[in-house]
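Undergrad: Need a 3D model of the sequence below.
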Amino acid sequence: MNDSARFPLLTAEGRRLLRWMREHPHAPKYTAVCGNRLTAGYLRRVRDYEAALDSSPKGWTPGTHPPWLDDFVAMGYRDVPFYRRYGDRPPHFTDIPTIDRSHLSREIWSFVPDSAPLDDLILYVTSGTTGHPLTILSHPIVGADYTPLYKAALRLHGIELQAGAGQICCVLVGWQKQAYTYPSVTPHQDEAGHLKLNLHPDDWRDPDDRAKFLDDCNPELYTGDPIAFAELMKLPLTTRPRALISTATTLLPGLRHELESHFGCPVLDVYSMNESGPIAVALPYSHTSQTYYLLQHRLYMEILDPDGEPTLPGTRGEITLTGGLNFYLPLLRYRTGDYARLEFRGSQPVLVDLEGRPPTTFRGTNGSLINTLDVTAALKPFAIPQFTFHQNADGSLIMKLRRMAMDTTQIRAALLALFGSDQALIVEAVDSLGGASDKVIQYTSAVE
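TA: Below is the predicted model of the structure:
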């Protein structure tokens, strides 16, 4: 596939910027080639989505449902193979069975509506921060629709994106042993540049190139997770973005304050997941409990108790979603495994005391930091149905996995290759990991 196929609307200006990002003397060793694949028709749909997002209400009142929900449920029971198996649609929304990530991981194809065209289908695998690998079916429009949602989040903090032709709008930074990295341009931002970069030194010809390249890019916005941002702070950057958007794992207040002080700009905490897209953004911080404002206009939230029953407003429970951004993955009462209270500011629902997936890093025997995504990557070759992974305060590791008919010797070897050959490690097969549900916290650490 050439640039004309990857970037159907590419102009001469966009081509120049791509060449600059690819051939810059301090550019990283890119590991992938990726384009936006947005045709003129797809671009119209992205702009239509942004217009609908700006003009549509995003709320409901306690005891009611948003007006689009009934048609969405009807579509699910009519067009989606997985939901059709339920049989007749129940009279009450809360009688619809709930689903979770395990349902998606077993047969993601069965969630694609029969009426959804399969042109330009994208398939990618995500480990997630919980350690459950998941294949996602998506589309170029879905990825492009993230931008209007991020713009809405930034607007709540008084920021309007300005980057356009010949400029770098956004750099997505990560900190992993291995990662897909590439440059791209976005036609719905006048072909401003977007980059996905890995800050790990192994992805660069010279570690000093990281700051030199990012300073020359001078991006308006950085996105990433708290682990990557902590590494970004260590670089001797002379340029400053207008904002940082943190996603994927919980952003702790101490790190947020440090990031804002270091970069001199707001740091937005966006609650997001691959299954649904960006869900909510934390409102500007105050001394009261942090509140998260709903971003999508076609996303409905419930809070369920341990028995799966809806709770009263203000009661803590599991966040459960209906709707979502990805039209190849319409969610119907999807239990996220994250917890919060749902409160209302008039007709505007907000999440309070959100407890998502906390950031976790481990230490190798040589003192190096190791990301949970690197552990997941090391374990990918093995058919492990469920596991937990913990590092004790003394640095020793213990991995528990559901008992299975395979030798754990290769698992040990993969982990020792990552952490160091002299790493203290126990790999224990157990019949059950405990708990009433299949959801467990994969990664924990007691290392300071």
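Undergrad: Stretch 57-70 spans what distance, first to last residue?
TA: Length of stretch 57-70, first residue to last, CA to CA, to the nearest Å: 16 Å.
Undergrad: got the buried residues for that stretch?
TA: Within stretch 57-70, the residues scored as buried using 16 or more other CB atoms under 10 Å are 58, 59, 60, 66, 69. In short, each C-beta sits where N, CA and C put it, glycine included.
Undergrad: Could you do stretch 246-264 as well?
TA: 246, 247, 248, 249, 250, 251, 255, 256, 259, 262, 263.
Undergrad: Residue 224 is in contact with the fourth one, correct?
TA: No. With contacts defined as CB atoms under 8 Å, residue 249 does not count as touching residue 224, sitting 10.2 Å away.
Undergrad: Helices of the stretch 251-400 of the chain, residue ranges please.
TA: 253-263, 372-379 (DSSP state H, counting those that start in this stretch).
Undergrad: As JSON lines, the ones you listed with distance to residue 360 would be great.
TA: Putting the helices of the stretch 251-400 of the chain into JSON lines (distance: least, CB to CB, whole Å) gives the following:
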{"stretch": "helix 253-263", "distance to residue 360": "14"}
{"stretch": "helix 372-379", "distance to residue 360": "5"}
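Undergrad: Least confident of the ones you listed, on average?
TA: Ranked by mean pLDDT, the helices of the stretch 251-400 of the chain bottom out at helix 372-379, which scores a mean of 82.
Undergrad: Give me the domain ranges for the protein.
TA: The chain breaks down into these domains under automatic domain parsing: 3-355, 361-445.
Undergrad: what's the most buried one of those?
TA: domain 3-355 (a mean of 17; mean count of other CB atoms under 10 Å).
Undergrad: hang on, the earlier thing: now tell me which of the domains of the chain the model trusts least on average.
TA: domain 361-445 (a mean of 83).
Undergrad: Could you work out the end-to-end span of that one for me?
TA: OK, domain 361-445 end separation, CA to CA: 7 Å.
Undergrad: need the contact list for residue 108.
TA: With contacts defined as CB atoms under 8 Å, 6 or more residues apart in numbering, residue 108 is in contact with 134, 135, 136, 137, 329.
Undergrad: I'd like the buried residues of stretch 246-264 written out as a markdown table, with distance to residue 100 added.
TA: Below are the buried residues of stretch 246-264 laid out as a markdown table (distance: CB to CB, whole Å):
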| residue | distance to residue 100 |
| --- | --- |
| 246 | 25 |
| 247 | 21 |
| 248 | 19 |
| 249 | 19 |
| 250 | 20 |
| 251 | 24 |
| 255 | 29 |
| 256 | 29 |
| 259 | 32 |
| 262 | 38 |
| 263 | 37 |
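Undergrad: if we can go back for a sec, for the helices of the stretch 251-400 of the chain, which one sits closest to residue 95?
TA: Nearest of the helices of the stretch 251-400 of the chain to residue 95, taken as CB to CB: helix 372-379 at 35.9 Å.
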